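>>> Sequence and predicted model, in that order:
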Amino acid sequence: EGNGGGGFGRIAVDYDLDPKTRLSASLMGFRGNGPGDSVSTRIAETPGGVITSNTVREGTADFAFGNTNVDATFRHSFAGEQHDIVVRVATGRQTQDNDSTTVTHNLLPASADVYDRRNNSNVVRMTTVNADYQRPIGDNMRLKVGYEGRFEDNSYSTAGFLAQPTPTAPNSPGQTNLFEAKRDINAVYASYEQTIGQFTWLAGLRYETSHFDLNQVTSGITNERTDSRFYPTLHLGWAFDDKNKLVFSYSQRIQRPDPQQFNPFVVIYSPFSLSTGNPNLDPQRTDSYELRYDRQEAQRNYAATLFYRENTAGVATQTIDIGGGVYLSRPVNMGSSTATGLELSAGGKLGTKFSFNVGGDVSYVDVDPLPAIGAPARSGWVVNGNASLNWQVTPKDLLQVNASSFGGQVTSSGEIEPFALLNLGYRHKFNDQWALIATVRDAADSFRSRTTVDTARVRSFNENRNNAQTVFVGFQWNFGRGPRRDNQQFDYGGGPGS
């Protein structure tokens, strides 16, 4: 647990060169820091219930994090409906530092206290470039082409020591490492859409190539990976009338592992827990099939979607007992998994002062066995939900209640249990230029993470009770002569709605 503070600021400017051309730019910055405390107990016993060891670990930590981002956008509209070009360039830098010290009390067998210390320092730099062009082609036909680039330059460093008699011991070479990862992703895409009476079809194709350079500086290990692939999409729609529509969709997409998951350096988190990455990880690919029904009324909209999703080469955690009660965890690619389910959503107005959005899904998940970690085939039901209610108390005062329920996850090695989150938001508009914004994240202090590992080789239960409660109070200033928009969205990550 712990408490912290921080500050957030954002400035955005729009400038119209002419009625059809707009330049936009924004600058955002966020900084936070604070202390934290932790307590954990580890008890080992024989099958007969005799306790063989009892260890208590108490830790203190100081953390700091920050995020800066600047972006610029160019928009130009040509003659004709839906005929425009949009180019956006953004660059940002994220930093995270965590300095922790832990004392281990060895109660059984009794021995002297020992100290661990670890400092993690991560820097993530990212630049994105997007260009979209769309235009009509004849009657009821539209072409869209574009480019998307993502360029990452990441650095992760760790320093510290383990099991020393004093908390001021020097850093150990075995606990010190520097890992650098650079990843460039380039993609081009095109789609063609045509409407024939009540029938609409859209076909698209995306070509994406990724180049990854890994450098484990401390160990002298380097690796270079390149992969390229086409990703198709297809949408078929039928409009029964102006209010009711049925759409079938197929898409293929990719989810790449986090760069840190490739780091082969073995990090010792405690005398009993080690972790390492896997430089041979493959990205997860998903084939998604959906059948969606939409209904649009004057002030409300409804949607129901049947879906089937097949995942290939997803990432699971392999936990290995290396002896002496010590476990090593590493990410590995699993076989495949499927999810079949139904998603429902609705939104709109309730009278003159209230508006709402509500949605949820229920799915049945099947996960293939993974012999590499001794995990059998698994299956189960997963239910998720979210809802938000806006109350326009007065023309200048807006309240929002936002609730989310995460239905857990079935994994190759076990399960992640469900939890819920409650957020609150308030906005007071002084005038067209100034507004007060206040948000409370995790107002009910309900954020918990419970993970169960149950394989032929390892059985464990882990619960993290992080203090995720965050209170934000800030001001928003609109300047210039552009149109004012009433914004009913809140950012519960620490900043105001945008």
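Received, thanks. Numbers count the residues shown, from 1 in each chain.
>>> CA only for contacts and neighbour counts going forward, please
Fine.
>>> Once you drop chain neighbours, what's closest to residue 256?
Nearest residue to residue 256 in three dimensions, chain neighbours excluded: residue 283, at 4.5 Å (Cα to Cα, 6 or more residues apart in numbering).
>>> so how many other residues sit close to that neighbour?
17 (other Cα atoms under 10 Å).
>>> wait, what's in contact with it?
254-257, 313-314 (Cα atoms under 8 Å, 6 or more residues apart in numbering).
>>> what about it, distance to residue 121?
26 Å (Cα to Cα, to the nearest Å).
>>> Tell me which stretches of the stretch 1-150 of the chain form strands.
Counting by DSSP state E, counting those that start in this stretch, the segments of the stretch 1-150 of the chain that form strands are 5-18, 21-45, 51-77, 84-108, 114-136, 141-164.
>>> ok, and the most crowded of the contacts of residue 283?
When neighbours are counted by other Cα under 10 Å, residue 314 leads these with 23 neighbours.
>>> which residues in the stretch 201-350 of the chain form strands?
Secondary structure of the stretch 201-350 of the chain (DSSP E, counting those that start in this stretch): strands at 221-239, 244-255, 267-270, 273-275, 284-296, 300-312, 315-323, 326-333, 336-350.
>>> beta partners for the nearest residue to residue 10 once chain neighbours are set aside?
Excluding the flanking residues, the one nearest residue 10 by Cα to Cα, 6+ apart is residue 28, at 4.3 Å. Counting by DSSP bridges, residue 28 forms beta bridges with residue 10, residue 69.
>>> For residue 28, grab the count of nearby residues.
By the measure other Cα under 10 Å, the count of residues near residue 28 is 16.
>>> so who does it touch?
Listed by Cα under 8 Å, 6+ apart, the contact partners of residue 28 are 8-11, 67-70.
>>> Quick one: residues contacting residue 54.
Taking Cα under 8 Å, 6+ apart as the definition, contacts of residue 54 comprise 41-44, 106-109.
>>> give me that answer again for 10 Å
With contact taken as Cα atoms under 10 Å, 6 or more residues apart in numbering, residue 54 is in contact with 41-45, 105-110.
>>> any idea how far the closest residue in space to residue 252 that isn't next to it in sequence is from residue 195?
Nearest in space to residue 252, with sequence neighbours left out and distances taken as Cα to Cα, 6+ apart, is residue 287 at 4.7 Å. Residue 287 sits at a distance of 25 Å from residue 195 (criterion: Cα to Cα).
>>> These two: who's more crowded?
residue 287 (18 against 15).
>>> Just to check, the more buried one is in contact with residue 313?
No: the pair residue 287 and residue 313 fails to qualify as a contact (Cα atoms under 10 Å) at a distance of 12.0 Å.
>>> Common neighbours of the two, please.
Common neighbours of residue 287 and residue 313, using Cα under 10 Å, 6+ apart, do not exist here.
>>> Output the lowest mean pLDDT helix or strand found in this protein.
strand 459-464 (a mean of 70; mean pLDDT, DSSP states H and E).
>>> Next, the buried residues of the helix or strand that comes right after that strand.
Later in the chain than strand 459-464, the nearest helix or strand by DSSP states H and E is strand 470-477. Using 16 or more other Cα atoms under 10 Å as the test for burial, strand 470-477 gives 470-474, 476.
>>> got the angle for strand 470-477 vs strand 5-18?
Angle of strand 470-477 versus strand 5-18, following axes from the mean of the first three to the mean of the last three Cα atoms, to 10 degrees, is 30 degrees.
>>> Quick one: distance of strand 470-477 to the chain centre.
Taking the mean of its C-alpha atoms, strand 470-477 sits 23 Å from the chain's own mean (Cα atoms, centre = their mean, to the nearest Å).
>>> Could you spell out the sheet neighbours of it, each with its direction?
Paired strands of strand 470-477, with direction, are strand 434-441 (antiparallel) (DSSP bridges).
>>> quick one: strands adjacent to the helix or strand following the partner strand?
For strand 434-441, the following helix or strand on the C-terminal side (DSSP H and E) is strand 449-454. Applying DSSP bridges, strand 449-454 is found paired with strand 414-416 (antiparallel), strand 459-464 (antiparallel).
>>> and residue 423, how far is that from residue 469?
Going from residue 423 to residue 469 by Cα to Cα gives 9 Å.
>>> okay, and the common contacts of those two?
Both residue 423 and residue 469 are contacted by 440-444, under the criterion Cα under 10 Å, 6+ apart.
>>> any idea which of the residues you listed is closest to residue 145?
Among the shared contacts of residue 423 and residue 469, residue 441 lies closest to residue 145 (Cα to Cα), at 39.0 Å.
>>> Am I right that the closest one is in contact with residue 424?
Yes: at 6.7 Å, residue 441 counts as touching residue 424 under the criterion of Cα under 10 Å.
>>> Could you pull out the residues contacting both of these two?
Residues touching both residue 441 and residue 424 by Cα under 10 Å, 6+ apart: 402, 471, 492.
>>> quick one, what contacts residue 83?
76-77, 133-137, 142-144.
>>> Now do the residue nearest to residue 97 when sequence neighbours are not counted against residue 91, distance only.
Of all residues not flanking residue 97 in the chain, residue 121 sits nearest, at 4.5 Å (Cα to Cα, 6+ apart). In this view, residue 121 and residue 91 are 20 Å apart by Cα to Cα.
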